[in-house]
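Participant: Kindly return the folded structure for what I paste below:
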Amino acid sequence: MYNRRLMAGGAAFGLLVLVVVAFVLVAPRGVAGRLNALAQQQLGRSLAVNGGTHLDFSPLSVRLDDATLSGAAPEDDSLATVKSAVIPVTLGQLFGAAPEVASITLTEPEFALLINDRGEANWDFPGFTPGGPLRIQLEQARFRYFDTRNSQSMALTHVDGTLDMRADGGASFAGTAVINGRLVRIDADLKSLARINADGSPLEIALAADDGNASFSGRLSTAEVLSLAGPVSLSSQTPGPGLRLIGLPLPAGITATGAIAIDGALDSAGRAYAIRNATLSMGNFRAAGELGADLRNATPKLQARLVADRLWLDPFMPASGAKNGDWGRVPLPFALLKAFDIEATIDARSMSFGGFTAGGSELRIALTDGKLDVTSVSDLDTDGTLNVTVKADANAAPPSVAVNMIANDIAAQPLLGALTGATQLTGTGGFTANFTAGGTTQEELVGMLKGTASIDLVNGSIAGADLAGLVLAAKQKVLEGWQAAPGDTPFTSLRGETTIQDGIANFRNATIEGPVSFTLEGLIDVLRQGIAVSTTATTNGQPLLPVAVIARGPWGAPKIFADVPSFIANPDGSTAPLQDPASPQGN
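Facilitator: Numbering: from 1, shown residues only. Here you go, the predicted structure:
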């Protein structure tokens, strides 16, 4: 009796083992088979499970390893591959092999969104109607897009988040992804997946990254080329993150400061973008007009046609690193000239730089293959004009810069103060400058400066020094700087020309006409900020002092003395010692 019970118990246990084995081994395979049948019936695709089908108990789910969903044709790339797919199931679904897939977790999936040369998208499923919503949890997903017709491609990597496929054919996503090397938070809603490759689908998307945000509300279409049309907004606390977000990274070592914001109506075709009715703000600069970015070539091209109330040039000037009278030794951002091509025009009601303000101004910028050409034309309050042309070549070794400036009927003090920091000179007139230089830092550029300059002013003064008083005082003793005779030097005209070579300006026969008239010649060492200048002074045609007066040393506080030794040694008034380029260094 006992043996019969034991045998019956053993048989029951064996049957239970067989049931469990069937449950673990057979039921998951049935689920996989059912899923493949559904894929073929409803999508026209086949589902292959290459790594096996497994049953997980906590929670109860079927796991498909190394699974693949085929493309539209056997020769096409797979629409999707996945390291593992986990589908929650019930016991009834297992034994009935008829899972109702309402949610699924995909680990390391890759989706290939492809359009063939006939314009057919592999994500289109003719005749398919979703039976209900589907929630897909993505873990480290990758999306890649390629259009055979135009070779347009893009990729989205390291995607983590929740993708909800709605019963109406729409989809939404909330999560993160890496875009152009940056981790970005994405919130998106698409009205219809099927309409993307037809008449286009409404799309709402918001991107948020460190110090940068972007949003779009409009239509997405791939019927001819991937295109977006609708309102767009881009903002960033500094330009760098905002530019990287749209695929325009700054070169290594280049930094830019100041908040940037762009709003307008986006109209894109492939990797060519235009923003109509755009508003642009960068620091204090505000402008409106048209913006464009063409990213189809190896070097992106930026385009702009803008109108602004005021053109602030200060934020766009590179930081030199100059401090306490030393020229900057920080490398200037010439690499930035190779990062983009630019074609831009800015019309402004006024222009401001370093305290100097002009009226209506037009700025034209052309940058191609590392060569920059900037032209500025400005009207002045004095009814004069200021024309400036700046050229730079980042391909030269070392990089080169050329500046041409022509000013007519201009007030000298504000402009010369902005350009040189010298505010002592007043008067109205004109000046020209034509310089070239080469180098990677401000110090190198100044040291290699060469060119010509001229100035012609009337009815002004030189503040901070009474030159006539200095000449008279110099016959008594050696003076220490301009403050030895404080005051002003009024003039009716001031004229001079100079030639610059290796950062040293050489001038002769510069004249200052007024109650006391002066003739000056000598050197100004721009790099070392030194002078070696000789002047003679006359009043009513008679010499104020029978010998020349020398100013030599740092230009802020030179030693000033009567040139009696030179006169005794060379009565003809030779100033040959002034021609020694090293002379500004000594006294």
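Participant: Name the nearest residue to residue 414, sequence neighbours excluded.
Facilitator: In this structure, residue 414 finds its nearest non-sequential neighbour in residue 356, 4.5 Å apart by Cβ to Cβ, 6 or more residues apart in numbering. The way it works is simple: take the backbone N, C-alpha and C, and place the C-beta from them, glycine included.
Participant: which ones are touching that neighbour?
Facilitator: Residue 356 makes contact with 414-415, 417-419 under the criterion Cβ atoms under 8 Å, 6 or more residues apart in numbering.
Participant: Inside strands: which ones of those residues?
Facilitator: Nothing among the contacts of residue 356 maps onto strands, per DSSP state E.
Participant: Which stretches in this structure count as helices?
Facilitator: 2-21, 27-38, 91-96, 239-245, 412-420, 442-447, 467-474, 564-569 (DSSP state H).
Participant: where does the protein have low pLDDT?
Facilitator: Across the chain, the ranges flagged by pLDDT under 70 are 1-32, 38, 42, 91-100, 241-242, 245-247, 249-257, 315-326, 565-587.
Participant: Give me the contact list for stretch 511-524.
Facilitator: 462, 467-468, 471, 489-496, 498, 504-510, 530-539, 544, 555, 575, 578-579, 581, 583-584.
Participant: returning to what we had before: the residue nearest to residue 414 bridge partners, please.
Facilitator: residue 353 (DSSP bridges).
Participant: how far away is it from residue 447?
Facilitator: Separation of residue 356 from residue 447 (Cβ to Cβ, to the nearest Å) stands at 26 Å.
Participant: got it, and residue 381?
Facilitator: From residue 381 over to residue 447 (counting by Cβ to Cβ), the distance is 36 Å.
Participant: Quick check on these two: which one has the bigger neighbour count.
Facilitator: residue 447 (19 against 13; other Cβ atoms under 10 Å).
Participant: residues in contact with the more buried one?
Facilitator: 439, 502-503, 527.
Participant: and the gap between it and residue 399?
Facilitator: Taken as Cβ to Cβ, the span from residue 447 to residue 399 is 14 Å.
Participant: and if you look at residue 234?
Facilitator: Taking Cβ to Cβ, one finds residue 234 at 31 Å from residue 399.
Participant: Next: residue 335.
Facilitator: For residue 335, the distance to residue 399 - Cβ to Cβ - is 9 Å.
Participant: How about residue 34?
Facilitator: Distance, residue 34 to residue 399, using Cβ to Cβ: 68 Å.
Participant: These two: which is more packed in?
Facilitator: residue 399 (21 against 17).
Participant: if I pick the residue lying closest to that one once chain neighbours are set aside, what's in contact with it?
Facilitator: Nearest residue to residue 399, sequence neighbours excluded (Cβ to Cβ, 6+ apart): residue 334, at 4.3 Å. Contact analysis of residue 334 by Cβ under 8 Å, 6+ apart lists 392, 394, 399, 440.
Participant: same thing with residue 556?
Facilitator: Residue 556 makes contacts with 481, 529, as judged by Cβ under 8 Å, 6+ apart.
Participant: Can you get me a residue count around the nearest residue to residue 531 once chain neighbours are set aside?
Facilitator: For residue 531, ignoring the flanking residues on the chain, the nearest one in space by Cβ to Cβ, 6+ apart is residue 555 at 4.6 Å. Residues near residue 555, counting by other Cβ under 10 Å, number 17.
Participant: List the contacts of residue 555.
Facilitator: Neighbour list for residue 555: 524, 529-531 [criterion: Cβ under 8 Å, 6+ apart].
Participant: Residue 393 reaches residue 371, doesn't it?
Facilitator: Yes - the pair residue 393 and residue 371 qualifies as a contact (Cβ atoms under 8 Å) at a distance of 5.2 Å.
Participant: Leaving out sequence neighbours, find the closest residue to residue 36.
Facilitator: Nearest residue to residue 36 in three dimensions, chain neighbours excluded: residue 47, at 4.3 Å (Cβ to Cβ, 6+ apart).
Participant: what number of residues lie near the one you found?
Facilitator: The burial count for residue 47: 21, using other Cβ under 10 Å.
Participant: so it touches residue 33, yeah?
Facilitator: No - the criterion here is Cβ under 8 Å, and residue 47 misses it with residue 33 at 9.3 Å.
Participant: where do the strands sit along the stretch 151-300 of the chain?
Facilitator: Under the criterion DSSP state E, counting those that start in this stretch, the stretch 151-300 of the chain contains strands at 152-165, 171-179, 182-190, 201-209, 212-221, 227-236, 260-269, 272-282, 285-294.
Participant: can you redo these as CSV with distance to residue 75 and mean neighbour count?
Facilitator: As requested, the strands of the stretch 151-300 of the chain are exported to CSV (distance: least, Cβ to Cβ, whole Å; neighbours: other Cβ atoms under 10 Å):
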stretch, distance to residue 75, mean neighbour count
strand 152-165, 19, 16
strand 171-179, 28, 17
strand 182-190, 29, 17
strand 201-209, 28, 18
strand 212-221, 27, 19
strand 227-236, 28, 18
strand 260-269, 29, 18
strand 272-282, 31, 17
strand 285-294, 34, 18
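Participant: mind giving me JSON lines with the ones you listed and columns for distance to residue 377?
Facilitator: Formatted as JSON lines, these follow (distance: least, Cβ to Cβ, whole Å):
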{"stretch": "strand 152-165", "distance to residue 377": "40"}
{"stretch": "strand 171-179", "distance to residue 377": "40"}
{"stretch": "strand 182-190", "distance to residue 377": "40"}
{"stretch": "strand 201-209", "distance to residue 377": "39"}
{"stretch": "strand 212-221", "distance to residue 377": "35"}
{"stretch": "strand 227-236", "distance to residue 377": "30"}
{"stretch": "strand 260-269", "distance to residue 377": "26"}
{"stretch": "strand 272-282", "distance to residue 377": "21"}
{"stretch": "strand 285-294", "distance to residue 377": "17"}
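Participant: Go through these and name the closest to residue 342.
Facilitator: Nearest to residue 342, of all the strands of the stretch 151-300 of the chain, is strand 285-294, at 10.4 Å by Cβ to Cβ.
Participant: which secondary structure elements does the closest one contact?
Facilitator: strand 272-282, strand 301-312 (3 or more Cβ pairs under 8 Å, 6 or more residues apart in numbering; DSSP states H and E).
Participant: between the ones you listed, which one is nearest to residue 564?
Facilitator: Closest among the helices and strands packed on strand 285-294, using Cβ to Cβ: strand 301-312, at 52.2 Å.
Participant: what sits up against the closest one?
Facilitator: Strand 301-312 has contacts (Cβ under 8 Å, 6+ apart) with 248, 280, 283-294, 340-353, 361, 363.
Participant: go again using 6 Å as the cut-off
Facilitator: Strand 301-312 is contacted by residues 284-285, 287-294, 340-352, 361 when judged by Cβ atoms under 6 Å, 6 or more residues apart in numbering.
Participant: ditto for stretch 417-433
Facilitator: Stretch 417-433 is contacted by residues 353-356, 405-408, 411-413, 416, 453-464 when judged by Cβ under 6 Å, 6+ apart.
Participant: from those residues, which ones fall inside strands?
Facilitator: Per DSSP E, these map to strands at 353, 356, 405-408, 411, 453-463.
Participant: which residues touch residue 264?
Facilitator: Residue 264 makes contact with 275-278 under the criterion Cβ under 6 Å, 6+ apart.
Participant: let's see it at 7 Å
Facilitator: 232, 275-279, 291 (Cβ atoms under 7 Å, 6 or more residues apart in numbering).
Participant: Just give the nearest non-adjacent residue to it, would you?
Facilitator: Closest to residue 264 by Cβ to Cβ, 6+ apart is residue 278, at 3.4 Å.
Participant: Residue 454 now?
Facilitator: Residue 454's closest residue in space is residue 497 (Cβ to Cβ, 6+ apart), at 4.3 Å.
Participant: isn't residue 107 right up against residue 66?
Facilitator: No - between residue 107 and residue 66 there is no contact under Cβ atoms under 7 Å: 10.8 Å.
Participant: Overlap in contacts, these two.
Facilitator: residue 83.
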